[in-house]
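In: Got a predicted structure here, sequence first:
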Amino acid sequence: MRVYGLIDGNSFYCSCQRAFEPRLKHKPVVVLSNNDGCAIARTREAKALGVKMGDAWHIARKRPESQPVVWYSSNYALYADMSRRMYQVLAERLPAVEPYSIDEMFLDLSDLPGDLHERCRQIRQDVAEHAKIPTCIGWGPTKTIAKLANGLAKDHAGLDGLCDLTDPALRQDWYRRTSIDEVWGIGRQTKQKLLGAGIETIADFVALDAKTVRQMLTVVGGRVQAELRGQSCLPLSDIAATRKSIASTRTFGRLLLKWEEIREAIAHYANRAAEKLR
């Protein structure tokens, strides 16, 4: 049976900072966006203190509960290098690895010798030892199921960072208990459309007639349903996707009320984006 895995670095940007400063291991850490505008990565300890994704730094840092937080400016060169290290560890141990984002990679776990659960546990240990990044791994017969399993491994401490959804009966049990918006490819608008039709859980969605799903969500929704039913529609790719966008972005580090300042910033970064394009 074909088995896909997804490995994901936990609070990846923060973990990269911790890799070089062991003293931060159990401290709340937050990484900020460009120009130190807002929070874009948080450790569990920072989340517990109430720091939310997108919180403006100039406001969040003044809260009394935020005093223990260690704040970092983003360092994308470092994060890209740590991602490459993580990829190298995986590529040396598995038949195929497909980077999905800077901190997520799909894995080919098919036909590996020995117990798959123990093999994935060892992979996590190897990444932690050699790349210094804590991870979670989920796996199943399709990419969509592997992505779901990874999310469950991250959200449920009792799974100890590993989630196996290869067994259909176990999968169905999780489907009954998991909201439809936890599925890769189900966005906010799609969720509202499904909720309006009485579809709340993954089990509800999987049980729908395939023709009905295609009528509601087009062929893309039909593919998501097929993947959740265990039919692989998204094979691993060995070729990086063609870049389709160019961006030059910054977040303001303070509150701006003057249009002249905003206009100047927009003009500057539009010029930078045009330079990249040329």
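Out: On my side now, so go ahead.
In: Surely G50 touches V69?
Out: No. G50 is beyond contact range of V69, at 10.0 Å (criterion: C-beta atoms under 8 Å). All C-beta spots, glycine's among them, are computed from the backbone N, C-alpha and C.
In: For this structure, just list every one of the helices.
Out: Under the criterion DSSP state H, the chain contains helices at 12-19, 44-48, 57-60, 76-91, 116-130, 143-155, 168-177, 188-196, 202-207, 210-228, 259-277.
In: Out of those helices, which gets nearest to S237?
Out: Closest approach to S237 among the helices of the chain (C-beta to C-beta): helix 143-155, 10.3 Å.
In: Low-confidence ranges, the protein, go.
Out: Scanning the chain for pLDDT under 70 picks out the ranges 238-243, 253.
In: re earlier: quick one, which of G50 and V69 is more surrounded?
Out: A direct count of neighbours by other C-beta atoms under 10 Å for G50 and V69 places V69 higher, at 20 against 11.
In: Contact partners for the more buried one?
Out: Contact analysis of V69 by C-beta atoms under 8 Å, 6 or more residues apart in numbering lists 28-30, 46, 49, 51, 60-61.
In: Closest one to R188 out of the residues you listed, please.
Out: Closest to R188 out of those is V51 (22.9 Å), distances taken as C-beta to C-beta.
In: Name the nearest residue to A197, sequence neighbours excluded.
Out: Using C-beta to C-beta, 6 or more residues apart in numbering and skipping the chain neighbours, the partner closest in space to A197 is M216 (7.0 Å).
In: The one you found is in contact with L195, isn't it?
Out: No. Counting by C-beta under 8 Å, M216 sits too far from L195 to count as a contact (12.0 Å).
In: Spell out which residues are contacts of both of these two.
Out: Common neighbours of M216 and L195 (C-beta under 8 Å, 6+ apart) do not exist.
In: Next, work out how far apart the nearest residue to G222 once chain neighbours are set aside and A157 are.
Out: Distances taken as C-beta to C-beta, 6+ apart place R214 nearest to G222, at 4.2 Å, with adjacent residues excluded. From R214 over to A157 the distance is 38 Å, taken as C-beta to C-beta, to the nearest Å.
In: Which one of the two is surrounded by more residues?
Out: More neighbours surround R214 than the other of R214 and A157, with 15 against 9 (other C-beta under 10 Å).
In: partner residues bridging the closest residue to G161 other than its chain neighbours?
Out: Distances taken as C-beta to C-beta, 6+ apart place C136 nearest to G161, at 4.5 Å, with adjacent residues excluded. Taking DSSP bridges as the rule, C136 bridges to D8.
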